[in-house]
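*Asks:* based on what follows, work out the 3D shape:
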Amino acid sequence: MSKPFLAHSQSKNGRMDTVADHLQSVAARAAAYATAFGAADEARLAGLLHDLGKYGSLFQQRLEGKVEHIDHWSAGAWQALMFQAKGLAASLAVQGHHLGLQWAEKAELAKLNPAKWDPKIHEQWRLSETSTETLLQRFKADGLAADVSSSSFYDHAGKRVSAMLDVRMLFSTLVDADFIETEAHFNSIGNEKQYRAPGLVLEPVKALDLLLSEVRKIAEESNAAVSVNLLRADLLSACLQAATEPQGVFTLSAPTGSGKTLSMLAFALKHAAKFNLRRIVMVIPYLSIIDQTVKEYRKVFGAPLADEYILEHHSMAGTKGEDSNEDYDEDRRRLLSENWDAPIVVTTSVQFLESLFANRPSACRKLHRLAQSVILFDEVQTLPTGLAIPTLATLSRLVERYQATVVFATATQPAFTHLDEHVRKYCACGWQPTEIVPAELRLFDRARRTKIEWPDLDVHTTWDELAGRLADENCRQVLCVVNLKRHALLLLQKLREKGTADEELFHLSTNLCPAHRKVVLDDVRQRLDDGKPCRLISTQCVEAGVDVDFPVAFRAWGPLDSIAQVAGRCNRNGKLQQPGSVHVFVPEDDEYPPGGYGQAASMARALFKGKKGGLDIDDPTLFLEYYRQLYAIARPEDRNEPLLDAIVRQDFVAVAAQYRLIPDATINVLVPYGADAYKELADEVRQKGITRNWVVRARPHTIGVYRPRPGAPIARWLEPVKVGATRHAEDWFVYLRPEHYDRKTGLTPPQSMDFLIS
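*Replies:* Numbers count the residues shown, from 1 in each chain. The predicted model follows:
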């Protein structure tokens, strides 16, 4: 009897996994995943061919440790091309299941031909077998046959974002199935594969009952004004009513403080019940809002159900490491986050959107879970202008082809409909959302809780003058938001010079680690509730989603949506007898963060000059006008030409490199906040190296910063974190100078501030 062809080395329990068994298992699982969007045939084809090269003699020798650098995927990718258009997406998926998706271009795919194999082109990889016919004979001898009967759902000729998403979705089914089956082999008990337990199933009717019960409890315990509670109830009712509408793209335009977080979830749950959808994905721009949102959602479902019902997944929620003694619950959350196998996923814009444009297996693995889902976006005004068109086109394709529903929520709704014509160049159905909130509810008009004092744009306020106003007795409780961190630090110093007591002076920026920011916000809220003096100087990090309620607010001139967001932190709960006071000023040092921030501020200035009597930020039509004019100048259809060109060329590698929400490379730095915690975490990582468990515990004591340029002074104070015994992590460091971390201002190193994110 001939020796069987093996797919993997034997498991620790001695189980042998043959190539035939592995191919059949992966094919069946991938097909099951792809059934949700009608691509089971192509997914099965990809599964059957993905490891065709493992029938080669050289690969079998590699399992024995005799040879290295053996390519076992190109043969299957080449064979898939024999099915022409029906096999093109499968070919790309097979080719990329180790290397990542490459380039859907005829000349590039021709390089897969084993008869013309050139190791120089393929980075010295050797084919496991030079004869595809030999591989196919062994494949057929094991009783396997590859075919595809349905027509291809991949429109390669269109050269659009939608076509690339189709490939990524098929790719997702293959790599997830491959991961699951391989994991089950190596976790085998005896000769039986040991599969991970699947995630919980969304039970939308039961979940909605729990949510509505929590909403009633919140309303009963609320100390907000009656008018605010009525507004929140009307928003919830509008969301529940709109949830019965057909699937599609929706906008949710509602003022700050109106209860969007829970109302959005109510829409999603009722919509999921109506259309038998599988999961809900909540996409949020900032980690600070994620923490707050997850906390609210966990209250709804309660422990222990919430631990697996709600999955929190973002760049700092876990990492790959070498950890053999992980806590089971944390290991379980990691497994679920790998492929979003959970009823409700809460993630960041970076994690979600960059995955939609990724080419690597680990990033794309979860994408097939988005089919038949409700995807909720909060604070959508934060989407970079240069990424708007390809992003909208991809989300539109998710709705059109994959039975997803997308909701864009914010108090300052961007005029994305204005971009419909340009979106159609990359996805045929364009961008035409339906608004959830009926105009007759007049939510914004009813939410008027502030009066804005607009500045003379030609008169600049000095920092000394501003500090004097903030230190005045009429501003005992005041929020002031500025555009740059150095402005916030300068203003803090000026207030101290005015004699403001340290106990009533607070600061927020991303120089403070999450644990520090939480303590500051808790202290601020307590002092506000107790009626004690409280002066908070902040950067933009307080603007979106942070629940604070000041009677007075100041905002440096900036983008119109930023001004509106600060107004939303003033008299938020409507408890004042008079409207809250919002003062907009033009600082003496009128500078802005990099990117499109300055352009948006200039557009707000131009809009202001064209209006007599100031701007009415409680009028949602103002923001439609603002964004239309902004897009007319910014021309998102012409922005980021390298990305748009890569999309036309269907170059997955280039698209993944060009699509970045945060273009500058960033690193994670463990900072010296909390002496005991810092010492414990620093000592542990020096001894054991980085682990997933360590990252989870370190996350609250970590800030993100731009990677320092060579020779920058800050570099001498950053200690690389080990991964295993010999390697260092590229994006994790320990900050070595505790004296550089201030209890008010966070990390403020001398000589070197340019690496700090604005």
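
*Asks:* list the contacts for H69?
*Replies:* When contacts are counted by Cβ atoms under 8 Å, 6 or more residues apart in numbering, H69 touches Q124, W125, R126. Every residue, glycine included, has its C-beta placed from N, CA and C.

*Asks:* closest to T173 out of these?
*Replies:* Distance to T173 across the contacts of H69 (Cβ to Cβ) is lowest for W125, with 24.9 Å.

*Asks:* related to what we said a few turns ago, just the buried residues out of the contacts of H69, in PyMOL syntax.
*Replies:* Those of these that count as buried under 16 or more other Cβ atoms under 10 Å are selected in PyMOL with:
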select buried, resi 125+126
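
*Asks:* so which of the contacts of H69 sit within strands?
*Replies:* R126 (DSSP state E).

*Asks:* in the stretch 351-500 of the chain, what residue spans correspond to helices?
*Replies:* All helices of the stretch 351-500 of the chain, identified by DSSP state H, counting those that start in this stretch, fall at 361-364, 388-402, 420-423, 443-446, 463-471, 485-497.

*Asks:* quick one: contacts of the first one?
*Replies:* Same thing as helix 361-364. Contacts of helix 361-364 (Cβ under 8 Å, 6+ apart): 96-98, 100-101, 168, 171-172, 175, 179, 338, 354-355, 358.

*Asks:* okay, and which of those map to helices?
*Replies:* G96, H97, H98, R168, F171, S172, V175, F179, E338, E354, S355 (DSSP state H).

*Asks:* now V723. Its backbone dihedrals?
*Replies:* Dihedral angles of V723 (phi, psi; degrees, to the nearest 10) stand at phi -120, psi 110.

*Asks:* that one and Y678: what is the separation?
*Replies:* V723 sits at a distance of 20 Å from Y678 (criterion: Cβ to Cβ, to the nearest Å).

*Asks:* then L165?
*Replies:* Plainly put, L165 is 43 Å away from Y678 if you go by Cβ to Cβ.

*Asks:* tell me which of those two has more neighbours.
*Replies:* Using other Cβ atoms under 10 Å as the criterion, L165 and Y678 rank with L165 on top: 24 against 20.

*Asks:* mind listing what the more buried one touches?
*Replies:* L165 is in contact with L356, T394, R397, L398, R401, counting by Cβ under 8 Å, 6+ apart.

*Asks:* looking at this, it is in a helix?
*Replies:* Yes. Counting by DSSP: H, G, I helix; E, B strand; the rest coil, L165 is located in a helix.

*Asks:* relative to R727, how far out is it?
*Replies:* In this structure, L165 and R727 are 34 Å apart, going by Cβ to Cβ.

*Asks:* over to P433?
*Replies:* 46 Å.

*Asks:* same question, P708
*Replies:* Where R727 is concerned, P708 sits at a distance of 20 Å (Cβ to Cβ).

*Asks:* more crowded one of the two?
*Replies:* The residue with more neighbours, out of P708 and R727, is P708; 18 against 13, by other Cβ under 10 Å.

*Asks:* test my guess that that one contacts I714.
*Replies:* Yes. P708 is within contact range of I714, at 4.9 Å (criterion: Cβ atoms under 8 Å).

*Asks:* give the buried residues for stretch 231-246.
*Replies:* Buried, per 16+ other Cβ under 10 Å, within stretch 231-246: L231, R232, A233, D234, L235, L236, A238, C239, L240, A242, A243.

*Asks:* next: stretch 643-651.
*Replies:* Buried residues in stretch 643-651 (16+ other Cβ under 10 Å): L643, L644, A646, I647, Q650, D651.

*Asks:* quick one: pLDDT of the spatially closest residue to L508 that is not a sequence neighbour?
*Replies:* Spatially, and ignoring its direct neighbours in sequence, L508 is nearest to S538 (4.0 Å; Cβ to Cβ, 6 or more residues apart in numbering). S538 is assigned 95 on the pLDDT scale.
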